[in-house]
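> Turn this into a structure:
(chains A and B)
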Amino acid sequence: MNRESMKQLFKSLWLILFMLPMSFFAQNVVNGVVTESATGLPIPGANIIVKGTTNGTVTDFDGNYSIDGIKEGDVLTFSFLGFATQEIPYQDQTTINVQLEEDQATLDEVVVVGYGTVRKKDATGAVSQVSTEDFNKGQVTTAEQLITGKIAGVNVTSGGGAPGEGQNINIRGIGSISLNSSPLYVIDGIPIDNGSIGGSRNPLDFINPNDIESITVLKDASSTAIYGSRAANGVILITTKKGKGQEFTFNYTGSTTLYRPTDYVDVLDADEFRELVNEVGNDEAVARLGNASTNWQEQIYTEAIGFEHNLSTSGNIGGFMPTRASVGHTNQDGILKGGNFSRTTGSINLRPSFMKGHLKMELNGRGMYTENTFANRDAIGTAVDYDPTQPIYDEDSPFANYYTWLTYNAEEERYIQNSLAPTNPVALLNERDDTAEIRRFIGNAKVDYQLHFFPALTATVNVGLDKTNSHGRNIISEDMPSSQLDWNGSYSNYINRTTNKLFDAYLTYENDFNDHSLNAVVGYSYQSFEYDNYSFDSEAEEEGNDSEFIDKSKNVLLSYFGRANYNYADRYLVTATLRADASSKLNPDDRWGYFPSFAVAWNINNEDFFNSSTVNQLKLRVGYGEIANVNGLGDYLFLTNYTGSRSNAYYQFGSNYYQTYRPEAINENLRWEVGKTLNLGVDYSLFESRISGSVNAYLKNTEDMITYVTVDPFTNFSNTIPKNIGDMENKGLELELNLIPVQTEDFTWSIGYNLAYNENEITNLPDQVETGGINGGTGNNIQLHKEGYSPYSYWVYKQVYNEAGRPVEGAYVDRNGDGQINENDKYLYKDPYADITMGLNTNLNFKNWDLAVVSRASLGNYAYNNMASSKSYEVRTTENSILTNLHTDYFNTRFQSLTEENLQSDYYIQDASFFKLDNITLGYTIEEIVNDSNLRLFGSVQNVLTITDYDGLDPEITGGIDNNFYPRPRIFTVGASLNF
Amino acid sequence: MKMNYIKKLILIVPALLLVSCHDDLDQTPIDPDSFTETDVFANADEARGALAKLYVSLALTGQEGPAGQPDITGIDEGTSQYSRMLFSLNELTTDNAVVGWGDPGLPALHALSWGAGNDFTTAMYYRLAQEVSFCNSFITNAESLSDNTEVQDYIAEARFLRAFAYYNLIDLFGNVPLVTVVSTELPEQDSREEIFSFVESELLGIQDQLKESGANDYGRVDRVAAWALLSKLYLNAEVWTGEERYTDAITYAKQVINSSYSINTNDANGNGSAYDELFLADNDTNGAQNEFIFALNFDGNNSRTYGGTTFLVHAAIGGSMDASAFGVNGGWGGLRTTKALVNKFDYAVTEEDEDGNPVAWADARAMFYTEGQSLEINTIANTFTDGYAVTKFTNIDSNGEAGSDEGGDFVDTDLPLIRVAEIYLNYAEAVLRGGSGGDAGTAVTYINELRERAFGDESGNISAGDLDLQFVLNERARELYWEGQRRTDLIRYSDFVTADYLWPFKGGAPTGTAVDNYRRIFPLPSNIISINPNLTQNPGY
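Just a heads-up that it's a prediction; the model follows:
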């Protein structure tokens, strides 16, 4: 579709909107005004229906309505989204003025979708929402943790146990190999950039979880389509708390947390190690043994403390401006000594209304200041490596008495560290200072103007700004053991700046007439993303090389979108969306893409023939949508450009050194990657909603998948380029079930269960792509993308075992039978993704007590135990003129050497299925502690229990390669929350 | 009225913004390290930076030293350096070297058991094909400046480098596509003979366009390099095309020998031999540079890589060796040699240990470290002390000082790819193989020049009766080991895959075993085969 036909399309859309008739009847007439009880502001667009008939109307912009054709005994129903419905009998009144109350219960039924909201029962797509009361409790630092285990098909995995650690979130499996697989986050209508920022642990940590009202996950293409190309992997809509009520109320929540390490990597202890070295080492090796007995892992981990304070207030300024403001402070130490995460957040939300509600504004400002101190994670690996018979300190060491494997340098006439030796883990922690401060501001101003002359139409403009500024530095003291001959410590720093701008403008048409209801949106969106990074390196400066580096880029996304929701008698629901996207990352000819989606739903329970008091809701849904993706693709890849070399990569001609220019690989034909999703769903609710939930089945085909694949270097300037090649299929089934077995005034018990089955398969890929770098050797990979298999499948040799079941070193199955073992004998075995994930949660409320338990299970996910594979061969104990400790898996294998084949043996691919009891929280509320105030006291334990057959530290490893994993601590929290 | 105004604004302003934002989709690079074609080919001075890339892509691995912004992906960056891969493919596959590391595809090289997906054969193919593309692009773009005489030289050098890349491709892979213009069209495969003819005609064509002998900057080639490469090409012609060209090999060897280049005889560090000067940190100035017809230039500060001589020095240090004696801060404990190489110096042994193993030699080219090392190899993997270590390359200069990198990581030593001594031996071999235009007497003179340099006197000299083909092969091993030539030499002598000549762990067997004939060339990368249906895999793979 070209731009001309686009214009035609929008013209037609307009015509449809304007031609829709409004209905009028003329008999007995009632007039009145519908207002908000809290603010007294008129409510435009409220529905007035004569109960049991199709006679109805809506209020105009001043809240006025007029309805005729009514007779005595009729009941008028006044309703509006988010407000409790009122029914008023008609007894010959000429005027009925109604004040509607904001209704919490009704609010829950409304789900946020792109550029608007819908009642949950009107939703046509796969949408799941979790609100405040169902959020995970306990110590929660980032938004994603609120919904871990709560939604089928949404997998949240922390990167490890560091404070403020990033969370990896995947919706319905892996949709793309090379592009970003994370969902789009939209906060109060602002799609944010969730790319990583230097110095930040988690791009989402700027938002204080205490400010979040609800999180909605849009899972299928028919519901995400309105967000276009950034939404290819699903959308997570975060709605923050808004000002409520007339009087200002306050909430303070504070807590203290203890983090405790639970387990260490299994290594030989000092006695076992001494015995082994005596057995396998020569005299020189035995002579290197020390007399100490040091558990290096105990030296680097510690119990850690954290605390958190949050204060928020909510009310209304001047009767026209609902307001909420909050400040929060979190401070956490890490269990790896020296790490700290300290965050201060502030937010303000103003929602003034003018012109009797015709002009509504929403102003959001959200600021974050974080100070990160990163403990040196290299210590995690070297604490496993380090000889347990050596002491931590040795007074003969030239490096501030840290015990060090030394070698004498005759040239310099002094001792330096053996260049192949691990560095003393305690020194790694103490002698490096790696800190960063991140400042981030996200603000937006949204104006809704409901047209005076045509109240069914609202014009909205939303302008947003997201600015991040991060300053970091890394100082290594000269006391750090080093093999550098000129070592005198080092200093490097960096500044990362990102500026993202958003401009949205859209028109919303909303009208109900008889049994028909139509909501239509057309709009335009502009987003720009600018990156400006600077870094400095003192080592390079000392050498006289380039020491300051600048890295800049910018890209722009531009879109037009339209959506129509049509509802007939609450029985038949239709949604159609069309989005046109253009990205500056693509060449002008392929830059524009047009992506439609369509969904229908049928509320069977509203049919006349369906007459059941048991079934409150039964809705069937079918949706299909196409979404494009270029998230994570580099900029300017379709342009010819040259990269200049840095001054340490110059080349000598004569006696001068010259900068060199390299032509960059180019793909002039990059196009959008397109995901096509079909979703079938059932929403159900039985026995007065005591049993409710949904079932979804989906099939997603990603076509023209952008993948970094081999290009013949005879035809280009590199051996890989991103290319639209290959297809991926994700399919699955999701089940959500909510039960309320007991619901009395004093006692409520609810259970939430979800199950998701997912399968990822690369259905077309001419090339095969190695990936998954591991520790051990240089450049070894363990995973492969190959047609017919899951992405990131493990690519391994098939181990041969002896009668005793022990792996035989160097013996692998010669799968192609050519008499030799080489890479042609490798096969694809298992992958890191779970076939089935489950969540089981329960909430108990008894009088003033509340108890919440959250658990999760993951089945069929496999991990590569890289700690065992790279650190358990016998020669390692004594090689390189030092002593190095072994992983205890050595006792199972007795492998002698580290070879490519040993490392890539399927022996190390292990079933990492698990059940985890994530969270137990117990609370007690004291009401009216002083007048109008209540106090809740709570305690929680997180990471309570893990049941798994996996041998490594933790079976839950993002990406499946278990190497130098920062262990997740057990977390104990006590706290209090006071409302006043 | 005011309200109406606001209403209009709300509708009109977005409409205006909407139109103006469309132009914003045309973004161009704003990074200060990014240049356009117009910038790079603005004038001869700027174009020199593009020419430098054609040289540096054989010496370094990317636009950041020692690693970063790599040219080749999918392999460890340091490993992807040209001469490091050449060492892996042409030395590790032979009696000259073993390595103890478990890098992917590496152990299969000495075991002669690589498959078509081998990381080293694959990355070498990528590196050379990319070099061809870099050269093709340069030659096309530099045309716009070709009325400048300096740029004419650049273009001739680019054609030499492209021919050099194809020379390597013939040697390693045989049948590859011949591409002279960068195009996204998938190339057709050409035969070894066709590529041979192309390299030959290019070298003949540029010999007069390149600068006069010795007239170019150090590090850039002149016409002697074209002659030298022709002599190498003709020497291997029988293997590569089935046609003997030994007379031509002699012709161009003689042109080289008669040029301004000569073997180094300056014993700059005064240790009794002028051989080791070729591999010292100051070999760009200590006299060795006169022998280097084509060398890769490294520098501890300005040209950093984990390949090149940094690799050859560090990787060869381990066991009880003192890294500071080599001007670096430590060893990587990897490379050693087999007794097959050590035994080639048996005629010059001056000292043996109690077990009767040699520990000192009169021939200064026998540069081995023996203390704590066993001559026999029991285990290759992770066992540095099995096999003698090699001390040929060092980061110490003629004055005994370490190189310029204060940290001791990166090495200054340049690496000769073609030097005069090799051409001497080419001459001798071509004469013995029946080429005309030369004579055995002159060949003996040349070999004795090398011998005198090695021994420091005439005690190692040979007589005409000693000279035969097998002698030349062994002399090439002694003179040129670890310089990336051995596999090609063994193939020319039919010793590479056959049972005629075995060395420790040849074919994976401790005492050595023959392997299939097809292993005389490497496979085309399986990834390339799968994306280009025009290509046929080399037989056997």
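
> What score does residue 459 have for pLDDT?
Since you didn't name a chain, this refers to chain A. pLDDT recorded at residue A:459 is 93.

> Not quite, go with chain B.
Residue-level pLDDT assigned to residue B:459 equals 95.

> Now do stretch B:30-44: distance from first to last residue.
In stretch B:30-44, first residue to last residue: 25 Å (CA to CA, to the nearest Å).

> which ones are touching residue B:262?
With contact set as CB atoms under 8 Å, 6 or more residues apart in numbering or on different chains, residue B:262 has these partners: B:290-291, B:420. C-beta coordinates here come from the backbone N, C-alpha and C atoms, glycine included.

> and residue A:673, what does it touch?
A:176, A:179, A:232, A:628-630, A:702-706, A:724.

> Going by neighbour count, list what's buried in the helix or strand that contains residue A:32.
Per DSSP states H and E, residue A:32 falls inside strand A:30-36. Of the residues in strand A:30-36, A:30, A:32-36 count as buried by neighbour count, 16 or more other CB atoms under 10 Å in any protein chain shown.

> can you give me phi and psi for residue 387?
Assuming you mean chain A. When read as degrees, to the nearest 10, the backbone of residue A:387 gives phi -60, psi 120.

> out of everything not next to it in sequence, what's closest to it?
Leaving aside its chain neighbours, residue A:387 sits nearest to residue A:883 (4.2 Å; criterion: CB to CB, 6 or more residues apart in numbering or on different chains).

> residues contacting that neighbour?
Per CB under 8 Å, 6+ apart, neighbours of residue A:883: A:273, A:277, A:281, A:285, A:288-289, A:387, A:389-390, A:877.

> how far away is it from residue A:482?
20 Å (CB to CB, to the nearest Å).

> Just list whatever residues bridge to residue A:976.
Assessed by DSSP bridges, residue A:976 has beta-bridge partners residue A:254, residue A:937.

> Chain B contacts on the stretch 351-500 of chain A?
For the stretch 351-500 of chain A, the residues in contact with chain B (CB under 8 Å from any CB of the partner chain) are A:355, A:359, A:407-412, A:416, A:418-420, A:447, A:449, A:451-452, A:459, A:461, A:483-487.

> Can you find the helix or strand of the chain with the lowest average pLDDT?
The chain I'm using is chain A. Least confident helix or strand of chain A, by mean pLDDT, DSSP states H and E, is helix A:104-108 with a mean of 44.

> Local confidence estimate at the residue of chain A found nearest chain B?
Nearest to chain B in chain A, going by CB to the nearest CB, is residue A:419, at a distance of 2.5 Å. You'll see residue A:419 listed with a pLDDT of 90.

> ok, and the closest non-adjacent residue to it?
residue B:330 (2.5 Å).

> circling back: need the contacts of residue B:262 in JSON lines with distance to residue B:24 and pLDDT, can you?
What follows is these, written out as JSON lines (distance: CB to CB, whole Å; pLDDT from 0 to 100):
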{"residue": "B:290", "distance to residue B:24": "59", "pLDDT": "96"}
{"residue": "B:291", "distance to residue B:24": "59", "pLDDT": "97"}
{"residue": "B:420", "distance to residue B:24": "61", "pLDDT": "98"}
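
> Adding neighbour count and distance to residue B:493 as columns, could you present the residues you listed in a markdown table?
Compiled in a markdown table, the contacts of residue B:262 are given as follows (neighbours: other CB atoms under 10 Å in any protein chain shown; distance: CB to CB, whole Å):
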| residue | neighbour count | distance to residue B:493 |
| --- | --- | --- |
| B:290 | 17 | 30 |
| B:291 | 24 | 25 |
| B:420 | 25 | 22 |
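
> Which one of those residues is nearest to chain A?
Out of those, the member with the shortest distance to chain A (by CB to the nearest CB) is residue B:290, at 15.0 Å.

> how about that closest one, what does it touch?
Counted by CB under 8 Å, 6+ apart, residue B:290 has contacts B:260-262, B:264.
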